[in-house]
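Novice: The amino acid sequence is not available; the structure is as follows:
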């Protein structure tokens, strides 16, 4: 990648100060588009704006007169593959012309400022193209940072978060800090107090939900990126795809179901039931034999056929060419990252067994403990089968789990920092900044041979930002204890390329480190093919994980664009009206503790909609509404509206549409499945949650009006769906308890 050209004209040199403050409002909107549930501090907006202005200066450096010149400059200065994706986004903007709504900055104002900065007239298309590029990169930075912030369970993005997230991303570091010395991350550490372990039941549950969410992203990476691209190649047989990926789709479905159950359990928490009942979630799936998909998966993935099928694909020249057309480096990702990723579901299933033990040990509820025992018993057969399949064949999992994920848990990060400090103390003559000041985590260590004028051995430490090579220290000192190792070389991960090399008669199991500063390449070799695979997997993942994440995000965005969630029409469903300033008002700049907008006022229909919103739960609003609603609504009207909200009609079933082709019917089936899962079911569960809170905390409404109780009982009795069984039983128990108290007092 060529380095960015420095601007020479006086106008361009002064450009940063001229543009300062122009993008802050637009960046707020971009941030809400990529992470609606998060807030962002003004310092973070100012910092991201400084990056946008720096990028703008780069784009204007060659004084472009047309779109083609901007395009060529991007290809020269932007790292791969973000150059291609940014150009695609900009081309879409050009195709749409003025119909394209620029979020980052107004088109007309920006066009005028660009002409003043450049000192000559340019076509408005050039301005639109440049804004689209800036908006794409800004969204990329904010999306990456938002993912990091969610992983550490915070609700707002700070400038420190942006810096930490970018530092872990090779593509963005190449773009903004390509020629700079190593940046210090010692001041970028999260200031949140470190929790040494998940000692309480609630903390274990929160970790479980977070881990399951991250795990599903790993599964999507396997399915949509690796499986998706391999299955698209016409010369790859369906049987080959199944041999490599086994029943990964079934595993994904199981995990999605479990996560849904966990989130439902968390929504059922209130003052009278402060701890979620997680045992039911596992027990229901275990008794239905849902976890048996992991036995089948492990059997296929650990088989010789799986490994050999992937090896045969990688040995075919046309497949290697195909992988290279997808993205530079994708071939190595398939060869080294994919095999390790395919083991993640097996590791994760073992993690379920360990989590159940922790939950059983810490659960404060006897009924939940009994469910956890039942789940553990039902899963014993799966655990035994996994151990039989994997005995002696499953590699030890790297500490910290899948490092495709950006952020480790706090305790693991603290342990990593401690280990990095100890490593540096063991190295005599270490050159450069302290390891902890430029690295966030330790990855692995081991011995490698180095090819030079003569073969030498190196002990190599790999961190997320650098690779440190040392040699055993044979020097002796009479005044002090000598360090264990002597420093030899250090390679900055973002400034090298790792090249897989074929075996020769002289050297086997080798790979090459190619520095971008034109230094001579260095060849390393491992003792065994397995050791080489481990090093290549780690190095390739560090170099390529940002690209894989972006590939996944691009696929998910394209799927959403091609198949958006179909909502019912206003004619079919009164609660489908879009938000306007006339039907709902939010408190500006305020969020609840759970990170959702705070409602200031609205029409009754809109309040009921938000009370049972399909996108998120708002326990605080439920409590406030049920306490105050009598000032503007009668109980029987609320009852009728909640029941109406619950009864959601499906879109037209594909089987009812006789005029559709088979392809259209399949598309409609997917639409219907998504509609039920992402719209209808969340609304219905939240309606039941409102009823649950109502009868538990405001039963006096039902005591005063027996017809209200009858209407409620009739509605509850008619609910037969399996997914709602826990909620219905919970509501029935509360009603029985309240009625007993009422009769006793009477």
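Specialist: Arrived safely. Nothing here was measured: the structure is a model prediction, and the numbers come from that model.

Novice: So for residue 102, what's the pLDDT?
Specialist: Reported pLDDT at residue 102 in the predicted model: 66.

Novice: Same question for residue 44.
Specialist: In the predicted model, residue 44 carries a pLDDT score of 93.

Novice: Not counting stretch 529-549 itself, show me its contacts.
Specialist: 81, 144, 169-172, 221, 225, 327, 329, 332-333, 335-337, 339-340, 403-404, 443-444, 446, 448, 462, 464, 467, 493-494, 496-498, 500, 509-511, 524-526 (CB atoms under 8 Å, 6 or more residues apart in numbering). Just so you know, the C-beta spots here come from the backbone N, C-alpha and C atoms, and that holds for glycine as well.

Novice: Mind checking which of those are buried?
Specialist: Buried by 16 or more other CB atoms under 10 Å: 81, 144, 169-172, 221, 225, 327, 329, 332-333, 335-337, 339-340, 403-404, 443-444, 448, 462, 464, 467, 493-494, 496, 498, 509-511, 524-526, out of these.

Novice: so of these, which ones are in strands?
Specialist: Judged by DSSP state E, strands contain the following of the buried ones among the contacts of stretch 529-549: 443, 444, 448, 462, 467, 496, 498, 510, 511, 524, 525.

Novice: What residues does the second one make contact with?
Specialist: Counting by CB under 8 Å, 6+ apart, residue 444 makes contact with 398, 462, 534, 535, 538.

Novice: Farthest pair within these?
Specialist: Comparing every pair within these by CB to CB identifies 398 and 535 as the most remote, at 12.2 Å.

Novice: Which one's more surrounded, these two?
Specialist: residue 535 (22 against 15; other CB atoms under 10 Å).

Novice: Find the nearest non-adjacent residue to residue 123, please.
Specialist: Here the nearest residue to residue 123 in space, its sequence neighbours aside, is residue 66; by CB to CB, 6 or more residues apart in numbering that works out to 6.7 Å.

Novice: gap between residue 535 and residue 445?
Specialist: For residue 535, the distance to residue 445 equals 10 Å [CB to CB, to the nearest Å].

Novice: for residue 637, same thing?
Specialist: Counting by CB to CB, the separation of residue 637 from residue 445 is 68 Å.

Novice: cool, residue 562 as well?
Specialist: With distances taken as CB to CB, residue 562 is found 45 Å from residue 445.

Novice: So which bits of the strand or helix carrying residue 110 are buried?
Specialist: Under DSSP states H and E, the secondary-structure element containing residue 110 is helix 107-118. Neighbour-count burial for helix 107-118, with 16+ other CB under 10 Å as criterion, is recorded at 107, 110, 111, 113, 114, 117, 118.

Novice: Does anything pack onto it? Which helices or strands?
Specialist: In this structure, helix 107-118 packs against helix 10-13, helix 15-19, helix 42-60, helix 124-151, with contacts taken as 3 or more CB pairs under 8 Å, 6 or more residues apart in numbering; DSSP states H and E.

Novice: okay if I get the ones you listed as a markdown table plus distance to residue 36?
Specialist: Output for the helices and strands packed on helix 107-118, formatted as a markdown table (distance: least, CB to CB, whole Å):
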| stretch | distance to residue 36 |
| --- | --- |
| helix 10-13 | 36 |
| helix 15-19 | 27 |
| helix 42-60 | 16 |
| helix 124-151 | 10 |
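
Novice: Give me whichever of those is most buried.
Specialist: By mean neighbour count, with neighbours taken as mean count of other CB atoms under 10 Å, helix 124-151 ranks first of the helices and strands packed on helix 107-118 at a mean of 22.

Novice: Point out the other helices and strands that the helix or strand following that helix packs with.
Specialist: Next helix or strand after helix 124-151 toward the C-terminus (DSSP H and E): strand 156-157. Based on contacts counted as 3+ CB pairs under 8 Å, 6+ apart, the elements that strand 156-157 packs against are strand 39-40, helix 124-151.

Novice: Put together TSV for those, with distance to residue 285 and mean pLDDT on each row.
Specialist: Supplementary listing: these in TSV, determined by distance: least, CB to CB, whole Å; pLDDT from 0 to 100:
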stretch	distance to residue 285	mean pLDDT
strand 39-40	35	89
helix 124-151	25	89
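
Novice: Pipe those into TSV and attach distance to residue 544 per row.
Specialist: Shown next, in TSV, are the helices and strands packed on strand 156-157 (distance: least, CB to CB, whole Å):
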stretch	distance to residue 544
strand 39-40	28
helix 124-151	15
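
Novice: Residue 669: which of the ones you listed is closest?
Specialist: The closest approach between residue 669 and any of these, judged by CB to CB, belongs to helix 124-151 at 30.3 Å.

Novice: Give me the angle between that closest one and helix 42-60.
Specialist: Using axes from the mean of the first three to the mean of the last three CA atoms, to 10 degrees, one finds that helix 124-151 and helix 42-60 are set 140 degrees apart in direction.

Novice: measure residue 20 to residue 51 for me?
Specialist: In this structure, residue 20 and residue 51 are separated by 13 Å, where distance is defined by CB to CB.

Novice: Oops, could you answer that again for residue 567 instead?
Specialist: Distance of residue 567 to residue 51, given as CB to CB: 36 Å.

Novice: Could you pull out the helices in the stretch 151-300 of the chain for me?
Specialist: 159-167, 170-177, 201-220, 228-232, 238-245, 248-267, 279-287, 293-301 (DSSP state H, counting those that start in this stretch).

Novice: Just put the ones you listed in a markdown table and tack on mean pLDDT.
Specialist: Listed next are those as a markdown table, based on pLDDT from 0 to 100:
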| stretch | mean pLDDT |
| --- | --- |
| helix 159-167 | 87 |
| helix 170-177 | 80 |
| helix 201-220 | 92 |
| helix 228-232 | 95 |
| helix 238-245 | 96 |
| helix 248-267 | 91 |
| helix 279-287 | 92 |
| helix 293-301 | 96 |
